[in-house]
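> the sequence isn't on hand, but the structure is:
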Ligand SMILES: Cc1cc2nc3c(=O)[nH]c(=O)nc-3n(C[C@H](O)[C@H](O)[C@H](O)COP(=O)(O)O)c2cc1C
């Protein structure tokens, strides 16, 4: 499979800039519900394997046993403390898919099926494929994972080549590939959709990693696959749908070469029920990131704030707190925006930080992808009503164990204003902010670095959601902002941008 490197017509920096929202300059756009994208694909499947998605997952149509025997806590999953099992079988794959992308709430009146992960606009543009090499009860091959209707649909007798999914990685028994369909997000977000695809893909990648840990399977995330090879292997039209991340499941394994002899017969998906509107900038932004750059050494982590930090404050020890069943947390998770101005006790916010940041990229399978992206994403927070912490803007140390004040005062209402006047943001005790110097990212990692930092922000966002659920706090992602106003409010350096924000705190 050949690899073409197109001329990058837009760099990541330029894409982000060109899709900035400017107050009073957003062209009006009414949502056309007659063109609402159906969130799953259809194929003429030669074979379907039902998934056991379990009770608690309200989209379940398989009627099989539930997942209530999954006795692991949020704490065990997020700190990577669940012992790995040796076997990868259909049951394990079912669990991982149900916990990460299963339907957990059906709003029949509006015709929306909500999933275990959040998604901008509730549009779920990400798709998941399984390349099965050695999975008990699953014939070797390539499958489309329909987590809405609850089955694996076979789309090719041959699994994906290792060279394509992870050129420098050790092979595993299975690999999940996350893709994004442009129009499924562009229906609402138009040219800005690539941003949302990446953030959503980051949420989903983290959800898969956590679900795999809960199912006792080691999982490794890889952003550096062969794009062209994957587009061909999945038989995608890359002006409509593009690969974004690969996750290897199970221990490293020697692969059985006999599958190479199987014919490569890529299945063609059925047409979209509505003809997608194509925004050229989305494909161009994706293509700019196809080359995988040799990372250039960066001596210092790029500084995104212009204000000098105050001395670091250590985050207090969390003390004892009650953890929650992971299954419970995932099935009940929702975006909650009804924030209250109740004081947030120090014991709760310290536990929350501890849960989100502790062992984020360590554990049994060190997460190289996460560690590489982490250097370029600064996590900060606008605080209010937090016991023992003055209101202001703080940046976190890389390990989340310390905070440095950058600005004092009540900034939450200002943040609400720059986030398209979404007033509820002004009531949240904690507004987490993910910022990066995109010029530095691109210089060090090439235009592909944009994918890493956006997905990385989504990954931490997912950790915030699950930790908030465990501690009884509300949480909601924020992708909508007047970009330049946000940068000015936060005092970002030239070249630095706010990638994403997530509100969290006590709710009514
Ligand atoms: C990347 C991303 C951006 C989001 N941006 C916003 C936002 O700006 N405003 C908002 O009210 N909700 C936002 N949300 C929350 C989604 O609307 C919510 O996840 C979706 O409606 C599904 O509902 P659920 O999270 O309760 O399952 C965002 C979620 C994600 C993942």
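Alright, I've got the coordinates. Note that this is a predicted model, so its numbers are computed, not measured.

> got the contact list for residue 271?
By CB atoms under 8 Å, 6 or more residues apart in numbering, no residues touch residue 271. Heads up, the C-betas are built off the backbone N, CA and C, glycines and all.

> cool, and residue 360?
367, 370, 374, 400, 460, 463.

> how close does the closest residue to residue 158 other than its chain neighbours get to residue 157?
Closest residue in space to residue 158, ignoring its immediate chain neighbours: residue 262 at 4.5 Å, by CB to CB, 6 or more residues apart in numbering. Residue 262 is 5 Å from residue 157, where distance means CB to CB, to the nearest Å.

> mind checking which helix or strand of the protein has the lowest mean pLDDT?
helix 368-374 (a mean of 78; mean pLDDT, DSSP states H and E).

> list the buried ones in it?
369-370, 372-374 (16 or more other CB atoms under 10 Å).

> farthest-separated two in these?
Distance extremes for the buried residues of helix 368-374: the farthest pair is 369 and 374 at 9.5 Å, using CB to CB.

> buried ones in whichever strand in the chain runs longest?
For the chain, the strand that runs over the most residues, judged by DSSP state E, is strand 241-252. For strand 241-252, burial by neighbour count (16+ other CB under 10 Å) applies to 241-250.

> just the mean pLDDT for that strand, thanks.
Looking at strand 241-252 alone, the average pLDDT works out to 94.

> assumed residue 379 was part of a helix.
No: membership of residue 379 in a helix is not supported by DSSP: H, G, I helix; E, B strand; the rest coil, which gives strand.

> I'd say it and residue 460 touch.
Yes: under the criterion of CB atoms under 8 Å, residue 379 makes contact with residue 460 at 6.4 Å.

> which neighbours do the two share?
With CB under 8 Å, 6+ apart, residue 379 and residue 460 have common neighbours 432, 434.

> more crowded one of those two?
Under the criterion of other CB atoms under 10 Å, the comparison of residue 379 against residue 460 puts residue 460 first, with 25 against 22.

> would you map the helices across the stretch 251-400 of the chain?
With DSSP state H, counting those that start in this stretch as the criterion, the stretch 251-400 of the chain has helices at 280-288, 326-332, 346-357, 368-374.

> the stretch 351-500 of the chain against the ligand: which residues are in contact?
Contact residues, the stretch 351-500 of the chain versus the ligand (CB under 6 Å from any ligand atom): 422, 476-480.

> restricted to helices, list the residues you listed.
Among these, none falls in helices (DSSP state H).

> who touches the least confident helix or strand of the chain?
220-224, 295, 360-361, 398, 445, 452-453, 455-456, 459.

> got it, and stretch 394-402?
Outside stretch 394-402, the residues that reach it (CB under 8 Å, 6+ apart) are 301, 305, 309, 312-315, 353-354, 356-358, 360, 374-375, 378-381, 383, 403-406.

> first to last residue in stretch 126-144, what's the distance?
12 Å (CA to CA, to the nearest Å).

> list the buried residues of that stretch.
Result for stretch 126-144 [16+ other CB under 10 Å]: buried residues 126-135, 138, 140-144.

> which member of those is positioned nearest residue 34?
Using CB to CB, the shortest approach to residue 34 within those belongs to residue 127, at 22.7 Å.

> give me the element that closest one is part of.
strand 126-132 (DSSP states H and E).

> quick check: next helix or strand after that strand?
Along the chain past strand 126-132, the next helix or strand (assigned with DSSP H and E) turns out to be strand 141-146.

> so residue 341 versus residue 381, what's the distance?
Applying CB to CB, the value for residue 341 to residue 381 is 17 Å.

> the two - which one has more neighbours?
Ranked by neighbour count (other CB under 10 Å), residue 341 and residue 381 place residue 381 first, with 22 against 14.

> near the ligand, which residues of this protein? Just list them.
Counting by CB under 6 Å from any ligand atom, the residues of the chain near the ligand are 114, 118-122, 196, 199-200, 203, 334-335, 337, 422, 476-480.

> tell me the contacts of the nearest residue to residue 345 once chain neighbours are set aside?
Using CB to CB, 6+ apart and skipping the chain neighbours, the partner closest in space to residue 345 is residue 387 (5.2 Å). Residues in contact with residue 387, defined by CB under 8 Å, 6+ apart, are 343-346, 349.

> likewise for residue 347?
Residue 347 makes contact with 318-319, 321 under the criterion CB under 8 Å, 6+ apart.

> how about a cut-off of 6 Å?
residue 319 (CB atoms under 6 Å, 6 or more residues apart in numbering).

> same check on residue 351?
318, 321 are the contacts of residue 351 under CB under 6 Å, 6+ apart.

> so what's the residue count around residue 413?
Residue 413 is flanked by 13 other residues according to other CB under 10 Å.

> again with residue 273
Around residue 273 there are 10 residues (other CB under 10 Å).

> how close does it sit to the ligand?
21 Å (CB to the nearest ligand atom, to the nearest Å).

> hmm, that residue is touching residue 38, no?
Yes: Residue 273 is within contact range of residue 38, at 5.3 Å (criterion: CB atoms under 6 Å).

> mind checking pLDDT for the closest residue to residue 425 other than its chain neighbours?
Distances taken as CB to CB, 6+ apart place residue 416 nearest to residue 425, at 3.9 Å, with adjacent residues excluded. At residue 416, the model reports a pLDDT of 98.

> before I go, just wanted to say thanks for your time.
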